[in-house]
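Chemist: Okay, here's the prediction I keep looking at, along with the sequence it came from:
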Amino acid sequence: DVVAKVTGEAKYAEDFRVDGMVFARLLSSPYPHARVKRIDLSEAEKVPGYVGALLPDEVQNPPAPEIPLLFSEPGYVGAPILLLAAESETAAQDALEKVRVEYEPLPFHVDPLASLHPDRPNARTDGNVGASGVEFQTLKWTKEDFDKADGRMPMGKPAQEWSYGDLDAAFASAALVLDETFVHASNSHHSMEPRSALAYWQNGKCFVHVSSQSQSYITPALAGMIGIPPSDLVVIAEYCGGGFGSKGGAYTLQALPALLSRKIGRPVMMRISRAEEYFNGSARLGFQGQVKLGFDSSGKLLAADLYIVQENGACNSFWDFRNAADSLSLVYQPRAMRWRGVPVHANSPIRSAQRGPGYNQMHHIMEPLLDKAAAKLGIDRLQIRLVNAPDFKGTFGAQQGPVSSCYLKEALQKGAEIFGWQQRLARHGQRNGSKVTSIAVGQAFHPAGFTGFDGLVRILPDGKVHVHTGVGNLGTSSHSSTARIAAEVLKVD
């Protein structure tokens, strides 16, 4: 498919055209938090080419705090309020500028710690804490929790926690204890292909051209958003111009053109601008927290005490804060560990999984601390990683479950050999004018493998093997990866 991509033959969602197609534009909230009081379309309807609009009271939004299809109480700047269609994109934009919306501004914040403070308002009017696996609720810390922080991150009641081992005894026996606060910023996915979508209806079925990391995985959830059985939905997503996790599941912008198309009886093309992609294309979840680590003299991690405040964005989001804890326990194998976490809503754009969700944030936090521990203990930075690296006897998480595949130690050793770690260390810190040479090592982890997904493998009489899968094509070598798995198991070239 490389030739198709570089020559422009590959067709993405917004490249398609259908007879009778109209163009749709989103009207987005200018406020970080507000209540929509009234929508006036009277002047927009007078614009030549105006066809129709989809309003918040015409869609079936999911229960809070899931992401609404259209917002009547927008929780971030750029939240979609309505979708308007016209005969041309220019006419749609002209009509959109004639729409009058009356808003009631509401209190807002972008710092989750502000929401946890007893004297500060929440980012939502119906709760402030929740995530997948965490009950949506209102959770406030005490004023004492904040006062005793003394410049560090306050640590009040968590929403979830687990522990194993004797943490106090492990810290007491440690030769070195590091106690650090951290902040890990959120960053937008900003996929090269924005979330444009085309939808139309034929013979009772809905056809959607979308940008997705999978042609099949999204079907049940997207059909639910549209209000039809999955058997009545046809998803076309041959190419995907980047997703990084944000297009792994169905998302609300995929459903809006289908709903408007059903209302007006015309195919609808909704093109998303770069600014709209920033607002609604989602972002990695942000962390604030504190981690306390205890090492013995050899660099072995004896104890870890981790607290994470996760910044959720305005709506329900991913469980990065739990993944981060699993990642620390697996990659560094502490003999005793406690994890506490609280996922808090803020008036910021939608958050979702991004390339190693939770795992990457944790290693951005832990790897510099491992270097710091190595320096204080006088240990080689590669050696401290080898001392703590798991093998097939490694365990992880609250239940200290087993691993099924683990070659981290071998990867470090092989990488050091190919790189020439010992030889290159002599260059570390050398200065040449304004340039300084740095020799470094880092590691990270991400789990692999899911069950319960359909696929089809066909073996032809001539010995060729055909693999049929719903895994999307977005530049992650998914095509060759699935082929390698089948080839290895079936022992074919």
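Modeler: Yep, that arrived. Residues are numbered from 1 along each chain as shown.
Chemist: Tell me, how many residues neighbour the closest residue to Y76 other than its chain neighbours?
Modeler: Leaving out its chain neighbours, the residue that sits closest to Y76 by Cβ to Cβ, 6 or more residues apart in numbering is A314, at 4.6 Å. From N, CA and C alone the C-beta is placed, and that goes for glycine too. By the criterion of other Cβ atoms under 10 Å, A314 has 26 neighbours.
Chemist: Starting from A64, give me the distance back to A314.
Modeler: Between A314 and A64 the distance is 11 Å, computed by Cβ to Cβ, to the nearest Å.
Chemist: what do the two both touch?
Modeler: The contact sets of A314 and A64 overlap at R124 (Cβ atoms under 8 Å, 6 or more residues apart in numbering).
Chemist: re the thing from before, so who does the residue nearest to Y76 touch?
Modeler: By Cβ under 8 Å, 6+ apart, the residues touching A314 are 75-76, 79, 123-124, 345-350.
Chemist: Name the helix or strand of this structure that has the lowest mean pLDDT.
Modeler: helix 478-490 (a mean of 82; mean pLDDT, DSSP states H and E).
Chemist: if we look at that helix, which residues are touching it?
Modeler: 1, 455, 457, 459, 465, 467, 469, 471-473, 492-493.
Chemist: what's the closest of these to A325?
Modeler: A325 has its nearest neighbour among the contacts of helix 478-490 in V471, at 28.2 Å by Cβ to Cβ.
Chemist: As a check, name the ranges of all strands in the stretch 201-350 of the chain.
Modeler: For the stretch 201-350 of the chain, applying DSSP state E, counting those that start in this stretch gives strands covering 205-209, 233-236, 268-270, 286-295, 301-311, 336-344.
Chemist: ditto for the stretch 1-150 of the chain
Modeler: 22-28, 34-40, 50-54, 80-86, 100-105, 129-131, 134-137.
Chemist: For K37, give me its contacts.
Modeler: Contacts of K37 (Cβ under 8 Å, 6+ apart): 102-104.
Chemist: my bad, V36
Modeler: 56, 71-74, 81, 101-103.
Chemist: Max pairwise distance over those: which two?
Modeler: Taking Cβ to Cβ as the measure, the contacts of V36 span a maximum distance of 14.5 Å, between F71 and E102.
Chemist: When those two are compared, which one has more neighbours?
Modeler: Remark: of F71 and E102, F71 carries more neighbours, 23 against 11, as counted by other Cβ under 10 Å.
Chemist: mind checking pLDDT for N473?
Modeler: N473 is assigned a pLDDT of 66 by the prediction.
Chemist: Also R120?
Modeler: For R120, pLDDT reads 95.
Chemist: can you give me phi and psi for it?
Modeler: phi -110, psi 150 (degrees, to the nearest 10).
Chemist: Is there a neighbour count for the closest residue to E9 other than its chain neighbours? I'd like the number.
Modeler: Nearest residue to E9, sequence neighbours excluded (Cβ to Cβ, 6+ apart): V3, at 7.4 Å. Residues near V3, counting by other Cβ under 10 Å, number 8.
Chemist: For V3, give its distance to Y278.
Modeler: Relative to Y278, and taking Cβ to Cβ, V3 is found at 31 Å.
Chemist: go on, S163?
Modeler: 39 Å.
Chemist: now swap in G227 and tell me
Modeler: Distance from G227 to Y278, by Cβ to Cβ: 29 Å.
Chemist: who's more crowded, the two?
Modeler: Y278 (18 against 14).
Chemist: need the contact list for that one.
Modeler: 78, 188, 190, 349.
Chemist: With P402 instead?
Modeler: 394-395.
Chemist: Angles on the backbone of it, please.
Modeler: phi -80, psi 160.
Chemist: contacting residues around stretch 210-221?
Modeler: For stretch 210-221, the external contacting residues (Cβ under 8 Å, 6+ apart) are 12-13, 191, 193-197, 222, 230, 233, 235-238, 240-241, 243, 245, 247-250, 254, 453-454, 470-472, 474.
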